[in-house]
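[1] model the following, please.
(one chain, ligands or ions: 1)
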Amino acid sequence: MDRIWAPWRKSYIRPKKARERGCLFCRLRDAKNDRQNYVIKRTAYNFAVLNRYPYNNGHVMIVPKRHVAMLDELCDVEKLDWIELLEDMIAGLKRSLRPHGFNAGMNIGQVSGAGVPGHLHLHVVPRWSGDVNFMPIIGETKIISESLDSVYQALTRKPRCGVRKSVERNKR
Ligand SMILES: [Zn+2]
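    Predicted coordinates:
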């Protein structure tokens, strides 16, 4: 479990061009092309984005919009919004990928191995029984980028509304 959020981040955060310098999450927050950046959803105080170098299919990061490094720097309203977005993403991942479970966690501070230590982010990684062995294999292959697109589409598709069903049920 120690390695679940490990070094693939290096290539993710290393700026390729001069204009890409600065905090990755602040860049994603300010960017307009959500589709291209795999930003799944934006709420009032947070956003959810697919990890381009996922440890498993559907690896999502939930990120506060403000550039803060520690939990106590977030206001209550931001924290609540953060957890609600986490709940939302877990529901979407359950619906679209049908995982058997999830790992959700944070590395806080450089020493913990955080890839972007200055900007809090919560990792959510869907898990399937028996996935441990295949995760390293799919590491940096083309399959990942293709699956990123399909995972993105699945997560941004509007869920079917369950209201009608429950209204019908209540009529009986
Ligand atoms: Zn930032």
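[2] chain center to the one helix or strand Q36 maps to: distance?
    According to DSSP states H and E, Q36 maps onto helix 34-37. Centre-to-centre, helix 34-37 and its host chain are 13 Å apart (CA atoms, centre = their mean, to the nearest Å).
[3] what's in contact with that helix?
    Outside helix 34-37, the residues that touch it by CB atoms under 8 Å, 6 or more residues apart in numbering are L28, A31, I40, R42, V49, Y152. C-beta here means a position set from N, CA and C on the backbone, and glycine is covered the same way.
[4] burial count for the residue nearest to the fourth one when sequence neighbours are not counted?
    Distances taken as CB to CB, 6 or more residues apart in numbering place D34 nearest to R42, at 7.5 Å, with adjacent residues excluded. When counting by other CB atoms under 10 Å, one arrives at 16 neighbours for D34.
[5] can you tell me how far N57 is from H123?
    Distance from N57 to H123, counting by CB to CB, to the nearest Å: 14 Å.
[6] more neighbours: the two, which one.
    For the pair N57 and H123, the greater number of neighbours falls to N57 (24 against 20), based on other CB under 10 Å.
[7] contacting residues for that one?
    By CB under 8 Å, 6+ apart, the contact set of N57 is L97, P126, S147, V151.
[8] let me know whether the first one touches G58 as I believe.
    Yes. Using CB atoms under 8 Å, L97 and G58 qualify as a contacting pair, with a distance of 4.9 Å.
[9] overlap of the contact sets of these two?
    P126, V151.
[10] from M70, how far off is D88?
    D88 is 24 Å from M70, by CB to CB.
[11] of the two, who's got more company?
    D88 (17 against 9).
[12] mind checking which helix or strand the closest residue in space to V39 that isn't next to it in sequence is in?
    Excluding its sequence neighbours, the residue lying closest to V39 (CB to CB, 6+ apart) is V49, at 4.8 Å. Using DSSP H and E, V49 sits within strand 46-50.
[13] partners of that strand, with directions?
    strand 39-42 (antiparallel), strand 60-64 (antiparallel) (DSSP bridges).
[14] need the contact partners of the longest one.
    Here strand 60-64 makes contact (CB under 8 Å, 6+ apart) with 25, 28-29, 40, 45-51, 74, 78, 82, 85-86, 89, 93, 119-124, 155.
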